[in-house]
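> Got a sequence here, can you model it:
(one chain, ligands or ions: 1)
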Amino acid sequence: MTQMRIFAFDFNGPAHLSAGLWRHPEDRGTEYTSLKYWVEYAKMLEDACFDGIFFADNVGYHDVYKGSVDAALKDGAQIPANDPAYLIPAMAAATKHLGFGVTSTTAYDHPYALARKFSTLDHLTNGRIGWNVVTSYSDSAAKNLGTGVQKAHDDRYELAEEFIEVALKLWEASWEDGSVPADAASGTYTDPTRVHPIGHQGKHFTVPGIHLCEPSPQRTPVIFQAGGSSKGVALAAATAEAVFMNATSKAGLKKQVDTLRAKAVEAGRDPSHIAVLQMITVITAPTDAEAQAKYEEYKSYVSYEGAMARYSGWAGLDMSAFDPDVPFKNVKTNAGQTMVDLFSKMDPTKEWTPRDIADYIGIGGTSPVIVGGPQTVADELASWVNETGIDGFNVAHGVKFRDIKDFAELAVPELQARGLMRTSYDGPTLRENLFGAGQARLPQDHPGAALRDALYAKIK
Ligand SMILES: Cc1cc2nc3c(=O)[nH]c(=O)nc-3n(C[C@H](O)[C@H](O)[C@H](O)COP(=O)(O)O)c2cc1C
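Down below sits the predicted model:
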């Protein structure tokens, strides 16, 4: 087995997926407003050779449960939500190799502004930035960002396709390599003959001009994607370099991975140019028994209301309409059918009540949870990789900072001793750490490379 890619999965707020756990005495969620906290976190991750930290983000909030945001506010359920992008330069300054995935939506931003933001981050991190492309799911985001109602699911993806195309044109096809001599003798900072307007005129965006930024080390940030619908998979197969999955079983994950790689081949891409990362929560301790005790203790902190606030938001379904102790089945929703079907598909023999769902998602959201000492954790992670064809994991937590630190101190040495995790980095950039030294730029089979080649063919 090749080495696993390992990212920490987090959120720039007091609490992410786990409900009520921020009240645990060792949880450090309340420190999210402190740069010192995030810098300490970044150094800890790099010392343990994590590939990176991946920030989820949402420009909406969970106000579906009881038709109100109150339960989400009370439990800090993904609200407050600070902007993760502003953390990156400080975390990058304290590290050399750690990568940074930042979630940013195509639904309410403009590609011209987003391309500038990520070029800036790519410069400041020396090529360690990734963009997690999401299409958004919260009505609250649409209401507050001016569009009133959300576009339909598939229309959001159609918009995303054009959004990415514009951003790729700006990153890859506007400023030629060598366009910035910064030559004081000739008085030329930028050679104007080598900077080109992209001339984009599409259904959603008109961007006739040039990119605002000079080329950064990776040019295009590593493109991440997480949506699992057929439209989401098609977009990932066409443009993503890393795909984030949250399957609840190995069999289900294998199917998703096989489908994605087959679709990447259909799109003319080398399927090994997509790194698949499964979301996983790991609760570890020196022994299996201690890890189990830790997990049991965590469970006592799970908040039913906090879990339901999240689940109602993710599924677009007000769970307060259902009795907490009556099995929940055959429910249809327009928003997040995947979320609703998740539980019946995971274990068809079990009848899930809302309370069972809260217990399950209370620690680590919908991700599978591994509880055990370092050997058990390494065995389990290895079996997920071997049985599904994934490339690695996005590691979520129960208790903020503590669980990732325990993973770093206990599980990482075991994985490294087995040759399953890196002990040094391949290159300075995120793309090289994912795909090998010397590959800082998009590979030739990526559509961004085709846009670049088309431009160069026109001008040469
Ligand atoms: C593992 C995982 C993580 C996600 N993280 C985010 C996120 O941080 N912010 C967000 O707005 N959407 C997030 N999403 C949602 C999607 O990227 C996507 O917009 C949504 O799932 C709807 O697309 P789909 O129907 O294709 O799944 C995530 C989805 C998955 C599966």
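
> only C-alpha atoms for contact and neighbour calcs from this point on.
Will do.

> Name every sheet partner of the one helix or strand residue 281 maps to and say whether each one runs parallel or antiparallel.
Using DSSP states H and E, the element containing residue 281 is strand 275-284. Next to strand 275-284 in the sheet, as set by DSSP bridges, lie strand 242-245 (parallel), strand 369-372 (parallel), strand 392-396 (parallel).

> The helix or strand just after the last one: how far from the chain's middle?
Using DSSP H and E, the helix or strand that follows strand 392-396 in sequence is helix 402-406. Centroid displacement of helix 402-406 relative to its chain, using CA atoms, centre = their mean, to the nearest Å, is 19 Å.

> got the buried residues for the helix or strand following helix 402-406?
Note on helix 402-406: by DSSP H and E, the next helix or strand toward the C-terminus is helix 412-417. Applying a neighbour-count criterion of 16 or more other CA atoms under 10 Å, the buried positions in helix 412-417 are 412-416.

> which stretches of the stretch 251-400 of the chain form helices?
288-299, 304-315, 337-346, 354-362, 374-388 (DSSP state H, counting those that start in this stretch).

> right, and the ones you listed - which one's nearest residue 205?
helix 304-315 (28.6 Å; CA to CA).

> The least confident helix or strand in the chain by mean pLDDT packs against which elements?
Every helix and strand in the chain was compared by mean pLDDT, DSSP states H and E; the lowest is helix 337-346, with a mean of 75. Counting by 3 or more CA pairs under 8 Å, 6 or more residues apart in numbering; DSSP states H and E, the packing neighbours recorded for helix 337-346 are helix 304-315.

> what about the helix it packs on and the ligand, touching?
No: Helix 304-315 lies apart from the ligand when judged by CA under 6 Å from any ligand atom; the minimum separation is 8.5 Å.

> In the stretch 1-150 of the chain, what residue lies closest to the ligand?
residue 56 (3.2 Å; CA to the nearest ligand atom).

> burial measure for that residue, as a count.
19 (other CA atoms under 10 Å).

> With residue 258 instead?
15.

> just to revisit the earlier point, need the CA coordinates for the strand holding residue 281. CSV is fine.
Output of strand 275-284 as CSV, limited to C-alpha atoms (Å, rounded to 0.1, in the frame of the first residue of the first chain):
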residue,chain,number,x,y,z
ALA,A,275,-6.9,11.7,-4.4
VAL,A,276,-9.9,10.4,-2.6
LEU,A,277,-10.2,11.3,1.1
GLN,A,278,-12.7,9.7,3.4
MET,A,279,-14.0,11.5,6.4
ILE,A,280,-13.2,9.6,9.6
THR,A,281,-13.4,10.4,13.3
VAL,A,282,-10.7,8.7,15.5
ILE,A,283,-10.9,8.5,19.2
THR,A,284,-7.6,7.0,20.4
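
> So what angle separates the directions of it and helix 288-299?
In terms of direction (axes from the mean of the first three to the mean of the last three CA atoms, to 10 degrees), strand 275-284 departs from helix 288-299 by 90 degrees.

> which bits of this protein sit near the ligand?
56-58, 103, 134-137, 226-229, 231-232, 244-246.

> Just those: which are in strands?
56, 103, 134, 244-245 (DSSP state E).

> tally of neighbours for residue 183?
11.

> Do you know the pLDDT at the nearest residue to residue 340 once chain neighbours are set aside?
In space, and not counting its chain neighbours, residue 340 is closest to residue 315: 6.4 Å by CA to CA, 6 or more residues apart in numbering. The per-residue pLDDT reported for residue 315 equals 88.

> what does the one 3 residues further on give?
The predicted structure scores residue 318 at 93 on the pLDDT scale.

> what's the spacing between it and the ligand?
18 Å (CA to the nearest ligand atom, to the nearest Å).

> How are the helices of the stretch 51-200 of the chain distributed by residue range?
Counting by DSSP H, counting those that start in this stretch, the helices of the stretch 51-200 of the chain are 70-75, 88-93, 111-124, 139-144, 153-173.

> where among these is the average confidence lowest?
When I compare the helices of the stretch 51-200 of the chain, helix 139-144 is least confident, with a mean of 88.

> from the chain's centre, how far out does it sit?
For helix 139-144, the distance to the chain centre is 21 Å (CA atoms, centre = their mean).

> now swap in stretch 360-371 and tell me
The answer for stretch 360-371 is 17 Å, by CA atoms, centre = their mean.

> In CSV, list the C-alpha atoms belonging to it.
Output in CSV follows, covering the C-alpha atoms of stretch 360-371 (Å, rounded to 0.1, in the frame of the first residue of the first chain):
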residue,chain,number,x,y,z
TYR,A,360,-24.6,8.6,16.0
ILE,A,361,-23.9,12.0,14.6
GLY,A,362,-23.2,13.6,18.0
ILE,A,363,-19.6,12.5,17.7
GLY,A,364,-18.0,13.3,14.4
GLY,A,365,-21.2,14.0,12.4
THR,A,366,-22.0,11.3,9.8
SER,A,367,-18.4,10.1,9.6
PRO,A,368,-17.5,6.6,10.8
VAL,A,369,-15.9,6.6,14.2
ILE,A,370,-12.8,4.4,15.0
VAL,A,371,-12.3,3.9,18.7
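
> ok, and what's touching it?
Here stretch 360-371 makes contact (CA atoms under 8 Å, 6 or more residues apart in numbering) with 17-21, 246-249, 279-284, 288, 291-292, 295, 298-299, 302-304, 306-307, 377, 380, 396-398.
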